[in-house]
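**Q** sequence plus the predicted model coming up.
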Amino acid sequence: MFRTRQLVCSSKDLRSSNLRPSLPAPQQEEAQSQNAPPKATAPPAPSAAPTVAVGPTSQSPPDPESEKTAAERYQALMAEVQQVFDAATKGGKPDPDKLMRTVKRAYDSLKTDDSMLTETVRQRASDYTWALRAANTAILAIRLGLEINYDERRSLALGLCALLHDIGMLTIPEEVLNSRSLTPQQMKLIRNHPLESKKIVENWGEKFAWIGNVVVQVHEKYDGSGYPNSLKEDQIHEFARIIGLTDTYEAMTHPRGDRDAHVTYNVLSQIVDLRNKEHDPRLIKALIHIVSIFPLGSLVKLNNGSIGRVIQTNKLQSARPLIEILIDTQGNRMSTSQFTNLAEEPMLYIEDPGIDESVLKQRT
């Protein structure tokens, strides 16, 4: 059962706390240099940390121009990542400056608003490629970094690591990835992919070498149950902890060979249940603050019988997000976009937050 009260409390805790990234202190950096990206290869820091805007109490449908810009930047990011992945399969390497410019455009968009985050939701109908997963994970990771007051330099370095964190999966045969029941040998192969990711990026040269020490840790778990080295808590680089959490959230909302996609609302519930176990509880609070108790992209049923998708969360009224209605009160698919702002509709509320994506296929 999903514990809404627990999530609301977590969100309040986050707003009342001063979260700061727990990267190594200056006097500790030399001892932890095997984990931290060197300053010479990461983007320069701005004079002040970015300000993360808190959503207004009254919402309106996303600005069309902002949506268009976000969509263009998302497609540019997707195209660049696809080129990187295609080149990697042939032994090639990316242009670091071009890749960083693409990440910078995503960062600039997310610093302004969450339109690009919404764009990841709209790609649910697309083929779920490794490039799409990498792009979605990077966008959410950058957004989470902003939530804990990352500056530009750290945000861009984090985004770059997120884009490349699973590139080692390209070495695993498709029949293994699509298997509904993995053999011990196949599981060992999959658990080895972080080492392959590290090897690939390090082979790209000095400008990428530091990324290897982050991507190899992404599948470590906060309680030490992860792989490949069973690291725990602060032994895991904070970049890897952020990417591991956002990758888990992203992956659980999409199908894979051995299971169907989880309902988005239930994904957040499961992640909360695993706090202090698999993921850093401080980062889970930040994730809740971003996606809200009714997560961005989730399908919900209103008390009037209509069904819609959460396309904008409301940080001050978390139970009253902006909904795009997809199925009307009579059970018919909508032919044009219609938005319902629950913050302005006191008689409407979310009756069922656990609607499966299959309901849309049934109403086409």
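**A** Received the coordinates, thanks. Residues are numbered from 1 along each chain as shown.
**Q** and the next helix or strand past the least confident helix or strand in the chain by mean pLDDT?
**A** The element with the least model confidence among the helices and strands of the chain, by mean pLDDT, DSSP states H and E, is helix 4-16, at a mean of 40. Per DSSP states H and E, the first helix or strand lying C-terminal to helix 4-16 is helix 64-89.
**Q** quick one: whatever helix or strand comes next after that following helix to helix 64-89, angle?
**A** As assigned by DSSP H and E, the chain's next helix or strand after helix 64-89 is helix 96-112. Interaxial angle of helix 96-112 relative to helix 64-89 (axes from the mean of the first three to the mean of the last three Cα atoms, to 10 degrees): 150 degrees.
**Q** check which helix or strand the spatially most central residue of the chain maps to.
**A** The geometric centre of the chain, computed from its C-alpha atoms, lies nearest to residue 140 (Cα atoms, centre = their mean), at 3.2 Å. In the assignment (DSSP H and E), residue 140 maps to helix 130-147.
**Q** against which helices or strands is the very next helix or strand once past that helix packed?
**A** Per DSSP H and E, the first helix or strand lying C-terminal to helix 130-147 is helix 152-164. The elements that helix 152-164 packs onto, with contact taken as 3 or more Cβ pairs under 8 Å, 6 or more residues apart in numbering; DSSP states H and E, are helix 64-89, helix 96-112, helix 130-147, helix 212-215, helix 238-252. (Glycine included, C-beta is placed from N, CA and C.)
**Q** tell me how far helix 152-164 lies from the chain's centre.
**A** 13 Å (Cα atoms, centre = their mean, to the nearest Å).
**Q** how big is the angle separating that helix from helix 64-89?
**A** 60 degrees.
**Q** give the buried residues for helix 152-164.
**A** By 16 or more other Cβ atoms under 10 Å, the buried positions in helix 152-164 come out as 152, 154-164.
**Q** same check on stretch 220-237?
**A** 220-222, 226-227, 231, 236-237.
**Q** with stretch 98-113 instead?
**A** 99-100, 102-107, 109-111, 113.
**Q** stretch 162-173 too?
**A** In stretch 162-173, counting by 16+ other Cβ under 10 Å, buried: 162-169, 171.
**Q** quick one: end-to-end distance for that stretch.
**A** 22 Å (Cα to Cα, to the nearest Å).
**Q** how about stretch 160-178?
**A** Terminal-residue distance, stretch 160-178 (Cα to Cα): 27 Å.
**Q** isn't residue 193 up against residue 176?
**A** No. Judged on Cβ atoms under 8 Å, residue 193 makes no contact with residue 176 at a distance of 10.4 Å.
**Q** what about stretch 107-126, distance to the chain center?
**A** 10 Å.
**Q** where does residue 334 sit: helix, strand or coil?
**A** Under DSSP: H, G, I helix; E, B strand; the rest coil, the three-state class of residue 334 is strand.
**Q** tell me how many other residues crowd it.
**A** Neighbour count for residue 334, taken as other Cβ atoms under 10 Å: 15.
**Q** wait, what's in contact with it?
**A** Going by Cβ atoms under 8 Å, 6 or more residues apart in numbering, residue 334 touches 325-328.
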